[in-house]
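In: Got a sequence here, can you model it:
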Amino acid sequence: MADVPYGVRALREQYVREAEIGMIGNLGARIVEVDAGRLVIEADLSDSRHGFPSGRGPIVHGGAIATLADEALASVAFTLAKEGETTTTSNLQVDYYRPASPGRLIARASVRHRSRRLAYSQATVEQADGVVVAECRAVIAYVKA
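Out: Numbering: from 1, shown residues only. Reported below is the predicted structural model:
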C-alpha cells in the first residue's frame with residue numbers, strides 16, 4: 001500500500017465511508033477506476049431524486065449532472081493531493097450536449113496539469129451506453145485539510 005499515492009488511498013477510503021451519506025450517497029456514486037490523475041466514477045441518477053418530466057419522458061436535471069461532474073473533477077484532483085491537503089472547486093464549466101435519461105451515468109475525469117496550489121481537470125459525463133451528455137472543466141484549489 002506504500003506505493004499507492006496518499007490521494008488515491010484516501011479517496012477510496014472516503015467513498016467507502018460516505019457510500020450512504022452526503023453527495024456521494026445522494027448520487028449513488030462509486031469508484032470504477034482510480035489512479036493518480038485519473039478517475040472513473042459511476043452514479044445512479046433516478047427519475048424521482050434527480051430528474052423531472054419532459055415531453056420526451058423523464059430526464060436528469062442539469063444540476064445533478066453538474067454535481068456528478070464536480071464530484072469527479074474535485075476527486076480526480078484529490079488523487080494528486082499530498083497528506084494534509086483537500087480540494088475545493090474554484091471554477092466549474094459544464095457544456096451540455098443532450099438530455100440524460102435517468103439511470104447509470106459515468107464520469108471519466110483526468111488532471112491535465114497540477115501546480116502547487118491548483119489542478120486543471122477535465123471530464124466527460126456519459127450515459128451507460130457511452131453517449132456523452134456533457135463535457136466539463138474545472139480549476140480545483142488545494143487547501144489545508
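In: Figure out the helix or strand that the residue nearest the centre of the chain lives in.
Out: Nearest to the geometric centre of the chain sits residue 72, at 1.6 Å (C-alpha atoms, centre = their mean). Following DSSP states H and E, one finds residue 72 within helix 62-78.
In: returning to that earlier point: you'd agree the residue nearest to the centre of the chain is up against residue 122?
Out: No - counting by C-beta atoms under 8 Å, residue 72 stays clear of residue 122, with 9.8 Å between them. Every C-beta, even on glycine, is put in place using the N, C-alpha and C of the backbone.
In: what touches both of these two?
Out: Here residue 72 and residue 122 have 109, 136 as joint contacts, going by C-beta atoms under 8 Å, 6 or more residues apart in numbering.
In: before we move on, back to that, then the helix holding residue 72 to PDB, C-alphas only?
Out: C-alpha atoms of helix 62-78 as PDB (Å, rounded to 0.1, in the frame of the first residue of the first chain):
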ATOM      1  CA  GLY A  62     -28.700  19.600 -15.400                       C
ATOM      2  CA  GLY A  63     -27.800  20.400 -11.800                       C
ATOM      3  CA  ALA A  64     -27.500  16.700 -11.000                       C
ATOM      4  CA  ILE A  65     -25.200  16.200 -14.000                       C
ATOM      5  CA  ALA A  66     -23.100  19.200 -12.900                       C
ATOM      6  CA  THR A  67     -22.900  17.800  -9.400                       C
ATOM      7  CA  LEU A  68     -21.700  14.400 -10.700                       C
ATOM      8  CA  ALA A  69     -19.100  16.300 -12.900                       C
ATOM      9  CA  ASP A  70     -18.000  18.400  -9.900                       C
ATOM     10  CA  GLU A  71     -17.600  15.300  -7.700                       C
ATOM     11  CA  ALA A  72     -15.400  13.700 -10.400                       C
ATOM     12  CA  LEU A  73     -13.300  16.700 -11.100                       C
ATOM     13  CA  ALA A  74     -12.600  17.500  -7.500                       C
ATOM     14  CA  SER A  75     -12.000  13.800  -6.700                       C
ATOM     15  CA  VAL A  76      -9.600  13.300  -9.600                       C
ATOM     16  CA  ALA A  77      -7.600  16.400  -8.400                       C
ATOM     17  CA  PHE A  78      -7.600  14.800  -4.900                       C
END
